[in-house]
Every structure is written in structure tokens, then in C-alpha cells.
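Peer 1: kindly return the folded structure for what I paste below:
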Amino acid sequence: MKMIIVITIVSAFFSNAWATDNSRFPITIQHAFGSTTITQKPKRVATVAWANHEVPLALGIVPVGFAAATFGDDDNDGLLPWVAARLKKLNAKTPVLFDEGDGIDFEAVAATQPDVILAAYSGLSQSDYDTLSMIAPVVAFPDKPWSTNWRSMIRINSAGLGMAEEGEELIASIEKDIAERVDQYPELKGKSAMFITHLDPTDLSVIRFYSANDTRVKFFDDLGMHSPQSIKDISKDGLFSGESSIEQIDMFNDVDIFVTYGNEELLAPLESNPLMSKMRAVKNDSIVMLGNSKMATAANPTPLSITWVLDEYLQALAEAARKAK
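Peer 2: Residues are numbered from 1 along each chain as shown. You can find the predicted model right below:
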């Protein structure tokens, strides 16, 4: 049964005085592991997993700690460029960065002494949730791991801060920005796109893709595009990825644009493969290779990255769309 997001705010009124009063508390948030009640305004905010820290940062709050970037961090400082820029704008130093290379560093999180831990977009296990809950109240994902879209990430995390109203304003601002930019690329309207996970040129016997449940795929809808019916049909409930034998390549002929990580070096084995080359999008060269650039990182949309890199992403998608037949 799909989890229904319920956010209960016990408050006499809304105000902008987040930093000075508790008028918006207590707050109870329902999620995949039950419910979390936050009794008073959190002063020390920690986040775990991918991008949750961008919500408080976008709302003007600097977390005491968050996960270090492990992909797309060109200068190896643990910060993606849009996060570094936001910290600079807030005149803030880099907080504690949690090394999550081997999973959540519970000791490091505990050492920051948080009042709340945000994880609306994450892959928390029950054990992870239980351990984190011994440190501070945890705002977890509403339904399935790694399936929270960018709007829900903002909505749930901002509610955990007692800033639900400001979260809605942030969503509206981003939506307006997206719409204005997408209007400049009418060729994208109605196009279908398949998002492939990392390709292995030495083994193309299996096609691995992000499912219709994944945030990268859901983002296509924001751009005037959509996930093809073939992907929807084979996307398993609750899973953010899937795979199919290359022998079934014909089922993906409803795909207009082929999006994947990697660089141009992958194109040759892709196009020379006797089966993969028959895929309509590959045959038309309607391919977007994300490489290891900031665009690759931001293809998984987050509150701060969308505005930062959207033009580059739209340009690449539009070029591929013009080749679609």
C-alpha cells in the first residue's frame, strides 16, 4: 500500500519568525517508518544522503553537517558548485561533511548534536532510521527509497523545519523558472526519453535503466517530455531502476531520446553493437551523453542544482530531440 504523506502542523498561525519562536510546532510527519514529531524549532539541522541539505540552504539555514559530494565534485572539496555558491552567498563556512562512502557515519552525525535530521530523499533502511532516531528526530522518505521527487523533497524537509509555507514558495519559484526556460525549447514537447544507468561497453547484453519511479525520469515531465510507455510497463513498483535483456531491444522503439552517463568514448561500442544499434534513438543519434560534468550530477534534480544547470541540460536534450524521427 502506498504511503500517504500527512503533515500535521499544530499552530495558531503562520509567521515568518522561524528563527525566534515556536509558533509552528509541534509538527508530526508521517513517513515510511511511521511518524516523527518535532516538538520545537530545531536550531541545529543535520542532513544525510543526497541533496537534502539543499533544502535548508535554499531557505537560508546552514546545516551543522551534511553528506560530502562524491560525484561531480571536480575540486574534491566535498561540495558541488551550487552548494558552494549558496554557502558563499550566506557568508557561511563549510559545515561538517559526512563521509558516506561506506554508508551513514552515525558517529559523525551524532557529534554535530543536531535537533533534527533531514532525509526525505534517501535510501534509509529500518536500521539506519532506528539508529539516527537515537540521535535526533528523523524526517524520512514518505514511501519508497530514492523515489522522492524534488518537490516532495522540499515539501517534506521544509515541513520538518517548521517552514512548510516557505517550502511551497520555493517550489513555486523553481517551477516558474523551469517553465520560462522550457518555453525556449518547443522541440522537447511530447518527446519521450529513456534514462540509462552507467553503460558497460564490455557487456551490452543487458540494458539497465532508471525506472518511471526515479526522480531523473520524473524530471522529464517538468521539461515537457515524458517517460515512454515501454519503461512504465516494466518499471516495478517501488524500485528506482530496472533492467532488460538486449534481446528485447525492439520494445524500446517508442524512445525518442537516449540519455545516459558516460562520455563520447561509449558511443562507438554502443553504435557498433548489432542489437543496440537497432534501437531507434541510437540509430537516429538522439543521444545525450552526460559525461562526468556538472550536468551529469544535476540530471538528478535538486533544489539548488535545477536553476544552476538547467540551460545546459535543455540544450543537450533539444539537440537530441531535433535528431529524433
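
Peer 1: hmm, what's the outermost residue in this protein?
Peer 2: The C-alpha centroid of the chain is most remote from Pro274, which lies 34.0 Å away (Cα atoms, centre = their mean).

Peer 1: how much space between that one and Asn52?
Peer 2: 44 Å (Cβ to Cβ, to the nearest Å). C-beta coordinates here come from the backbone N, C-alpha and C atoms, glycine included.

Peer 1: and the residue farthest from the centre of the chain, that one's in a strand?
Peer 2: No. Pro274: not assigned to a strand; according to DSSP: H, G, I helix; E, B strand; the rest coil it is coil.

Peer 1: what's near enough to touch the residue lying closest to Ser205 once chain neighbours are set aside?
Peer 2: Closest residue in space to Ser205, ignoring its immediate chain neighbours: Ile246 at 5.5 Å, by Cβ to Cβ, 6 or more residues apart in numbering. Counting by Cβ atoms under 8 Å, 6 or more residues apart in numbering, Ile246 touches Leu204, Ser205, Val206, Ile207, Asn273, Leu275, Met276.

Peer 1: what segments of the stretch 201-325 of the chain are helices?
Peer 2: Listed in chain order, the helices of the stretch 201-325 of the chain (DSSP state H, counting those that start in this stretch) span 215-222, 229-234, 267-272, 280-283, 294-298, 305-323.

Peer 1: make CSV out of those and add mean neighbour count and distance to Ser158.
Peer 2: Listed next are these as CSV, based on neighbours: other Cβ atoms under 10 Å; distance: least, Cβ to Cβ, whole Å:
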stretch, mean neighbour count, distance to Ser158
helix 215-222, 20, 17
helix 229-234, 16, 30
helix 267-272, 14, 41
helix 280-283, 19, 37
helix 294-298, 22, 20
helix 305-323, 19, 16
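
Peer 1: quick one: closest of those helices to Ala69.
Peer 2: Counting by Cβ to Cβ, Ala69 lies closest to helix 294-298 out of those; the figure is 7.9 Å.

Peer 1: so where's the stretch 151-300 of the chain uncertain?
Peer 2: For the stretch 151-300 of the chain, the stretches flagged by pLDDT under 70 are 292-293.

Peer 1: which residues in it form strands?
Peer 2: With strands called from DSSP state E, counting those that start in this stretch, the stretch 151-300 of the chain shows them at 193-196, 206-210, 241-245, 257-260, 287-289.

Peer 1: export these to CSV and tack on mean neighbour count?
Peer 2: Formatted as CSV, those follow (neighbours: other Cβ atoms under 10 Å):
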stretch, mean neighbour count
strand 193-196, 23
strand 206-210, 19
strand 241-245, 14
strand 257-260, 24
strand 287-289, 22
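
Peer 1: in CSV: those strands, plus distance to Val83.
Peer 2: Conversion of these to CSV gives the following (distance: least, Cβ to Cβ, whole Å):
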stretch, distance to Val83
strand 193-196, 23
strand 206-210, 23
strand 241-245, 25
strand 257-260, 24
strand 287-289, 24
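
Peer 1: among the ones you listed, which is nearest Trp146?
Peer 2: Closest approach to Trp146 among those (Cβ to Cβ): strand 241-245, 8.7 Å.

Peer 1: what subset of the contacts of Ile246 is buried?
Peer 2: Buried residues within those, counting neighbours by 16 or more other Cβ atoms under 10 Å: Leu204, Ile207, Asn273, Leu275, Met276.

Peer 1: show me the contacts for the second one.
Peer 2: If a contact means Cβ under 8 Å, 6+ apart, then Ile207 has Ile196, Glu243, Ser244, Ser245, Ile246, Ile249, Phe252, Met276 as its contacts.

Peer 1: again, only this time at 6 Å
Peer 2: Ile207 makes contact with Ser244, Ile246 under the criterion Cβ atoms under 6 Å, 6 or more residues apart in numbering.

Peer 1: tell me where the stretch 1-150 of the chain has helices.
Peer 2: 54-58, 81-89, 106-111, 126-133, 150-160.

Peer 1: same question for the shortest one, mean pLDDT?
Peer 2: Right, helix 54-58. The average pLDDT for helix 54-58 rounds to 98.
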